[in-house]
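> please work out how this folds:
(one chain, ligands or ions: 1)
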Amino acid sequence: MSKNAKPQRPARPAAPANPDRPGLASRRVATRLLSAVVDTRTSLDGLTDRKHGHPEFRALEARDQALVKAILTVALRRRGTIGAVIAACIEKPLPAGAAALRHILHVGAAQILFLDVPDAAAVDLAVSQADADPRSARFARLVNAVLRRIAREREALLPAGDDPRLDTPAWLLERWTAAYGEREALAIAAIHRVPAPLDFTARRDPADVARMLGAEVLPTGTVRLTGGEGAVGELPGFAAGDWWVQDAAAALPVRLFGDLAGRRAADLCAAPGGKTAQMAAAGARVTALEISASRLRRLGENLARLGLEAQTHLGDLGDFRPDAPFDAVLLDAPCSSTGTIRRHPDVAWTKTTEEVEKLAGVQARMLRQGAALVAPGGCLVFSNCSLDPGEGEAVARAFLAETPDFAVEPVRPDEVPGLGEAITGEGFLRTTPAMLGRASPEASGLDGFFAARLRRAR
Ligand SMILES: C[S@@+](CC[C@H](N)C(=O)[O-])C[C@H]1O[C@@H](n2cnc3c(N)ncnc32)[C@H](O)[C@@H]1O
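Numbers count the residues shown, from 1 in each chain. As a prediction, this is how the structure comes out:
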């Protein structure tokens, strides 16, 4: 949704909240979920899951659920900008502990600044919400004044948020600057402000899928749809299993195995199964291991839709004892997911340095466990969707230093067309969202991903 409605000003503060008032429930849920994300670091995907999400979210009509998601996505994507615009409209900072008030203002301002929601409704509903909550009732007039001013002066106020640094937590920007330099770190922060295109991996011919969807084929072979709207399940080819949704970067690690036809392959962290599907579609005999039963079920459903097969195992990698080693082993390890912030803006506000460091330890352990399952001469690909070299390069380097049986088999430019800049001096693959420039920012970029191809000598 884009903002194109003219500002409409309510003449005076709204009447007290009526719980059945159209639109109020969705704004209340948006405010509650925003609090859960930023105050208690809860994942937005979990909160908005159709089966297991927040009960108040699940109780909403599908249309209202979509509105809540749209509000939260932009409220988190542009959190710093929105905060700066609000700050420019108040004389003194909001009192400490005024979290409820802050969230109401953010939800209201997100709609006025970035969504195609009538300003009057956004202001009115925010005032009603403030009024109805004992923690914020005394600030209802302030909410009215601030949001009305934002609606009136939107164009003039928005430059207050022009610096992409604003929308990235300082700790993340510091780590990216240390890893990639200031220019790249700022380019990553800037592209994170732009909604991501939708990427697909074709089951067979990417050109056919691109024609069917009105999309383009990227140099890497991924099919990219820019500016698409509506549910993925309603796009042509979904029911027939002609494609699956997979970011251009996420499609790269499996390519590093080369020809998989007839080979024994293991996907050790398999769900929801994008990479298992790639391996199976390439003709491998795939074993897919996954620790989460619900996620493994989803993998099964995805493979069934695609008409692909894999032997699935529910369990922990630490306890996995296959009958024989594998020619190809993929460890797409759990990580902080900071490479996916553009698609999941909550990640920027829910992760911490401590979590990055803890996950690096988990990955190091899993890499040792995964390596034990590789046959002599076989290939181990270690990957994850973190932008933090502490979870990628550093883990791979430490593993190589302690495991003389394995050596890096450098990624070649012909394996990642259009992404030569993603090959590091050590032969690893390191993508950032600032790579893969296309005609417009909306069509550009890809997830931040790390991948190392490690060959077992004996
Ligand atoms: C990054 S996701 C994998 C994404 C998947 N490869 C894909 O492309 O669709 C990591 C997965 O590893 C699973 N996992 C985490 N720890 C595990 C363990 N010890 N053993 C097996 N699976 C694990 C998680 O439940 C999660 O589904």
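
> what residues does stretch 385-398 touch?
With Cβ atoms under 8 Å, 6 or more residues apart in numbering as the test, stretch 385-398 has contacts from 175-176, 179, 188, 249-250, 335-341, 356-357, 359-360, 363-364, 367, 382, 384, 408, 424, 426, 428, 430, 432-433, 447-450, 452, 454. C-beta here means a position set from N, CA and C on the backbone, and glycine is covered the same way.

> neighbours of Trp349, just the number please.
Using other Cβ atoms under 10 Å, Trp349 has 17 neighbouring residues.

> which residue sits closest to it, ignoring its sequence neighbours?
In space, and not counting its chain neighbours, Trp349 is closest to Val38: 5.1 Å by Cβ to Cβ, 6 or more residues apart in numbering.

> let me see the contact set for the one you found.
Counting by Cβ under 8 Å, 6+ apart, Val38 touches Leu76, Arg79, His103, Trp349.

> kindly export stretch 429-440 (C-alpha atoms) in PDB.
Below are the C-alpha coordinates for stretch 429-440, written out as PDB (Å, rounded to 0.1, in the frame of the first residue of the first chain):
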ATOM      1  CA  LEU A 429      30.100 -16.700  -0.800                       C
ATOM      2  CA  ARG A 430      28.900 -13.600   1.000                       C
ATOM      3  CA  THR A 431      25.900 -11.700  -0.300                       C
ATOM      4  CA  THR A 432      24.500  -8.500   1.100                       C
ATOM      5  CA  PRO A 433      21.100  -6.800   0.400                       C
ATOM      6  CA  ALA A 434      23.100  -4.000  -1.400                       C
ATOM      7  CA  MET A 435      24.200  -6.400  -4.200                       C
ATOM      8  CA  LEU A 436      22.400  -7.400  -7.400                       C
ATOM      9  CA  GLY A 437      21.400  -4.000  -8.500                       C
ATOM     10  CA  ARG A 438      18.600  -3.800 -11.100                       C
ATOM     11  CA  ALA A 439      16.600  -1.100 -12.800                       C
ATOM     12  CA  SER A 440      15.000   0.200  -9.600                       C
END
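
> please point out which parts of that stretch sit buried.
Burial within stretch 429-440, assessed by neighbour count using 16 or more other Cβ atoms under 10 Å, is assigned to Leu429, Arg430, Thr431, Thr432, Pro433, Ala434, Met435, Leu436, Arg438.

> now render those residues as JSON lines, adding pLDDT and distance to the ligand.
Below are the buried residues of stretch 429-440 laid out as JSON lines (pLDDT from 0 to 100; distance: Cβ to the nearest ligand atom, whole Å):
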{"residue": "Leu429", "pLDDT": "98", "distance to the ligand": "15"}
{"residue": "Arg430", "pLDDT": "98", "distance to the ligand": "17"}
{"residue": "Thr431", "pLDDT": "98", "distance to the ligand": "15"}
{"residue": "Thr432", "pLDDT": "98", "distance to the ligand": "18"}
{"residue": "Pro433", "pLDDT": "98", "distance to the ligand": "17"}
{"residue": "Ala434", "pLDDT": "97", "distance to the ligand": "22"}
{"residue": "Met435", "pLDDT": "98", "distance to the ligand": "20"}
{"residue": "Leu436", "pLDDT": "97", "distance to the ligand": "19"}
{"residue": "Arg438", "pLDDT": "95", "distance to the ligand": "23"}
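
> and the protein, which of its residues are near the ligand?
250, 269-275, 289-292, 295, 316-318, 332, 334 (Cβ under 6 Å from any ligand atom).

> at 5 Å what do you get?
Counting by Cβ under 5 Å from any ligand atom, the residues of the chain close to the ligand are Cys269, Ala271, Pro272, Gly274, Lys275, Ile291, Ser292, Arg295, Asp316, Leu317, Asp332, Pro334.

> which residue packs closest to the second one, ignoring adjacent ones?
In this case it means Ala271. Leaving aside its chain neighbours, Ala271 sits nearest to Arg295 (3.5 Å; criterion: Cβ to Cβ, 6+ apart).

> narrow the contacts of stretch 385-398 to those that are buried.
175-176, 179, 188, 249-250, 335-341, 356, 359-360, 363-364, 367, 382, 384, 424, 428, 430, 432-433, 447-450, 452, 454.

> tell me which of those fall in helices.
Arg175, Trp176, Ala179, Ile188, Val356, Leu359, Ala360, Gln363, Ala364, Leu367 (DSSP state H).

> do you know how far the fourth one is from the ligand?
With distances defined as Cβ to the nearest ligand atom, to the nearest Å, the gap from Ile188 to the ligand amounts to 20 Å.

> my guess is that residue meets Asp447, correct?
No. Using Cβ atoms under 8 Å, Ile188 is not in contact with Asp447, being 11.2 Å away.

> overlap in contacts, these two.
What both Ile188 and Asp447 touch, as defined by Cβ under 8 Å, 6+ apart, is the set Pro433.

> and this structure, split by domain according to the record?
Structural domains assigned to the chain are 24-162, 198-456, following automatic domain parsing.
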